[in-house]
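[1] Give me a model of this one.
(chains A, B, C and D)
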Protein chains: 2
Amino acid sequence: MAATIKDVARLAEVSIKTVSRVVNQEAHVTEMVRTRVQQAIDSLGYAPNISARRLVQQRSYVICILLHTGGVSQSALIHKILEVAYEYDYDILIQTYFPSLTRSKNKLASLIAERRIDGLVTTPPCDTDEFLLNLVRKAHIPLVQITPYNRIDGIPFISGDDYQGALMMAEHLIGLGHRRIAFLMGPRSHRASIDRLYGYRAALDLHHLAYDECLVLDSEFNFDGGYTAARMAMALTDPPSAIFAGNDEAGLGVIYALNEMGIAVPERVSVCGFDDLSQSKNVWPGLSSVHYPVNEIAEQALEMLVAMLQNKELQQKQVILPVRLVLRGSTGSAAGAG
Amino acid sequence: MAATIKDVARLAEVSIKTVSRVVNQEAHVTEMVRTRVQQAIDSLGYAPNISARRLVQQRSYVICILLHTGGVSQSALIHKILEVAYEYDYDILIQTYFPSLTRSKNKLASLIAERRIDGLVTTPPCDTDEFLLNLVRKAHIPLVQITPYNRIDGIPFISGDDYQGALMMAEHLIGLGHRRIAFLMGPRSHRASIDRLYGYRAALDLHHLAYDECLVLDSEFNFDGGYTAARMAMALTDPPSAIFAGNDEAGLGVIYALNEMGIAVPERVSVCGFDDLSQSKNVWPGLSSVHYPVNEIAEQALEMLVAMLQNKELQQKQVILPVRLVLRGSTGSAAGAG
DNA sequence: TTGTATGCGTTATCAG
DNA sequence: CTGATAACGCATACAA
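    Predicted coordinates for the structure are as follows:
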């Protein structure tokens, strides 16, 4: 049987409250008593029972992160979140969540009702859901959005600089001599998609290049979306010399499609993406991308959430982190360019 | 304030025990009483407090899954485990674990000591650790190994059929006319690596092909390992016409390296891997692989663990699931073959 | 079929 | 600086 606080108290010949003080590093304990208690703890191999602590404190010390399935794309984020949560002594409960699915709703509702979780982090597109918002508002569960679908009044979020990233990447392509650059949009309801589109357009404007509607293709933010859109782009009467995919998953689909069509990358068509997934460097010829600072995002998202859980005021509720270009083999000079 | 069992009891004018019976679907409750209680539950929005339940039952209803970081390769497994655990009403705690790292050991030890987890699932190479084994034995924490590094006496495991898979894939290559087939080993201490090597050798034997030691290269089970080994293989005096990577991650490295060297896949060299990661089909020209049944593995691993947690006898403690070939563009006829 | 009383292992209050 | 005692919300013998 595992040792309890009473066993320690008995052995150290103190009250349980004193043991509790030592365990929780509170003040008002003589150094002598403290060491005596510590010895008792060590010799019994005592560790506090988490369930009891959670019950009396009315908190679970669990943070739930909502993930839409369907991709491998967020594994770096998850890993970092796990790591950071460890530091804060919070457990992470990963929950796959499909907005508007009854099953998902019920699960999330009971997670909150049963007080299994103290706070929530959403990743796109899990935050597209009114139900979730009502739930957290009613239950007063703090929530932080990562790369929000929509920014919601009063809800803190953290994101990379989608606009600036797209602007930089588009300028890079223009600098390589590309004049006809296709852009593969993600979902139009997703803020990041729109911001990336605006960045792309801003670059065209800056360099006095005409904006051709035909070159902006709607696509899902995944492999198949990129694959399909690339085939459509190359079927245009005047096909592009570069394809800017709204994210890396789509970018990988573009590369695959071009290979299949026998179109050399980057000799005939340059390709780039957005996010800088770990896979992107492992695919020939290396997918140029905009590095999204997932590590910093994970860190700050948890930092914000933990602060909220401690009823601290957030210094900043809207955080947009800088991004940077990562250039690999998939982007090169335009065929006809000097 | 959230409703408690007492609130429900008061409203329904019954004792808390009766409420408990209704909540836990026990027998011996009149239908009339049951519905009255249910109404009270609904109207109060009552849900049992998990922490209280866990405290009194002395169980956490949390299963910990140990993951070595460093790859994206297990995301499909994780997703499935999450899904299955949901059905069993267990929470999953994902813990990154590096064998022999003090920090990891401490974390795991406290997870167990604080009774945060009821059971453990390991993925390679987290089960290479004596410390972990001693821990679970001492604390009587049930453990299931997925694709064990070493099979450990008395500890149930579940795996795919590594030997058979490698045998089939090697035979497929031989059938395509390949005679010199390089094999990229994973860690020699890993059971799966060895089994896959044996499968490869068995295929050679079956077809009366000589076993050339030079063609078996030690490599890590990751991209860089495959990349490096591929370059070594092609630098041999008599280079292979096919490279069989011990897993897909390495296989992706092989494809990249060959592309970089200007060696056409599969025209000049065929490539295949093992595991059938989701990425493998998205990389041109599609990596032929041995499909590892991760979904079934996840299902059965949890099923076994839950059974152990309920003190049921396991019908089978050693489960090896069949695998199948998934052929894509990366394997083709040997250059000189008819 | 239903209810009462006790304990699970902590933390917190307040008195000493 | 230290300790006795009461919560926390639920499950479970045991009694009715």
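[2] Tell me the spacing between A:D205 and A:Y211.
    8 Å (C-beta to C-beta, to the nearest Å). Heads up, the C-betas are built off the backbone N, CA and C, glycines and all.
[3] Kindly report the residues of the stretch 151-300 of chain A close to chain B.
    Taking C-beta under 8 Å from any C-beta of the partner chain as the measure of proximity, the stretch 151-300 of chain A contacts chain B at A:223, A:252-253, A:255-256, A:259-260, A:278-279, A:282-285.
[4] now, which of those sits nearest A:R188?
    Proximity of these to A:R188 (C-beta to C-beta) peaks at A:G253, which lies at 18.7 Å.
[5] quick one, what contacts the closest one?
    A:222-230, A:245, B:282 (C-beta atoms under 8 Å, 6 or more residues apart in numbering or on different chains).
[6] Beyond the host helix or strand of it, next helix or strand please.
    In this assignment (DSSP states H and E), A:G253 forms part of helix A:248-260. As assigned by DSSP H and E, the chain's next helix or strand after helix A:248-260 is strand A:270-272.
[7] Remind me what that following strand packs against, helices and strands.
    helix A:162-175, strand A:242-245, helix A:248-260 (3 or more C-beta pairs under 8 Å, 6 or more residues apart in numbering or on different chains; DSSP states H and E).
[8] With mean pLDDT as added columns, please give those in JSON lines.
    What follows is these, written out as JSON lines (pLDDT from 0 to 100):
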{"stretch": "helix A:162-175", "mean pLDDT": "98"}
{"stretch": "strand A:242-245", "mean pLDDT": "98"}
{"stretch": "helix A:248-260", "mean pLDDT": "98"}
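[9] Any idea how far apart the tips of stretch A:90-100 sit?
    End-to-end distance for stretch A:90-100: 28 Å, by C-alpha to C-alpha, to the nearest Å.
[10] So the residue in the stretch 51-200 of chain A that DNA strand D sits nearest to, which state does it fall into?
    Relative to DNA strand D, the nearest point of the stretch 51-200 of chain A is A:V56 (3.5 Å; C-beta to the nearest atom of the strand). Taking DSSP: H, G, I helix; E, B strand; the rest coil as the rule, one finds A:V56 in the helix state.
[11] Repeat that for A:C64.
    Per three-state DSSP, A:C64 ends up strand.
[12] Report how many residues lie close to it.
    Neighbourhood size, A:C64 [other C-beta atoms under 10 Å in any protein chain shown]: 24.
[13] correct me, but it touches A:R115?
    No. In this structure A:C64 lies outside contact range of A:R115 using C-beta atoms under 8 Å: 11.8 Å.
[14] Could you identify the buried members of the residues of the stretch 151-300 of chain A next to chain B?
    A:223, A:252-253, A:255-256, A:259, A:279, A:282-285 (16 or more other C-beta atoms under 10 Å in any protein chain shown).
[15] For these, please prepare TSV with the additional fields distance to DNA strand C.
    Shown next, in TSV, are these (distance: C-beta to the nearest atom of the strand, whole Å):
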residue	distance to DNA strand C
A:F223	48
A:L252	48
A:G253	51
A:I255	54
A:Y256	54
A:N259	59
A:Q279	43
A:N282	46
A:V283	49
A:W284	54
A:P285	56
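[16] What mean pLDDT does stretch A:317-324 get?
    For stretch A:317-324, the mean pLDDT works out to 97.
[17] neighbouring contacts of that stretch?
    By C-beta under 8 Å, 6+ apart, stretch A:317-324 touches A:151, A:155-162, A:164-165, A:168, A:290-293, A:296-297, A:300, A:304.
[18] make it 6 Å
    A:156, A:158-161, A:165, A:290-291, A:293, A:296, A:300 (C-beta atoms under 6 Å, 6 or more residues apart in numbering or on different chains).
[19] Could you list which of those belong to strands?
    A:158-160, A:290-291 (DSSP state E).
[20] Make JSON lines from those and add pLDDT, distance to A:P142 and neighbour count to it.
    As requested, the ones in strands among the contacts of stretch A:317-324 are exported to JSON lines (pLDDT from 0 to 100; distance: C-beta to C-beta, whole Å; neighbours: other C-beta atoms under 10 Å in any protein chain shown):
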{"residue": "A:I158", "pLDDT": "98", "distance to A:P142": "14", "neighbour count": "26"}
{"residue": "A:S159", "pLDDT": "98", "distance to A:P142": "18", "neighbour count": "23"}
{"residue": "A:G160", "pLDDT": "98", "distance to A:P142": "22", "neighbour count": "27"}
{"residue": "A:V290", "pLDDT": "98", "distance to A:P142": "30", "neighbour count": "28"}
{"residue": "A:H291", "pLDDT": "98", "distance to A:P142": "29", "neighbour count": "16"}
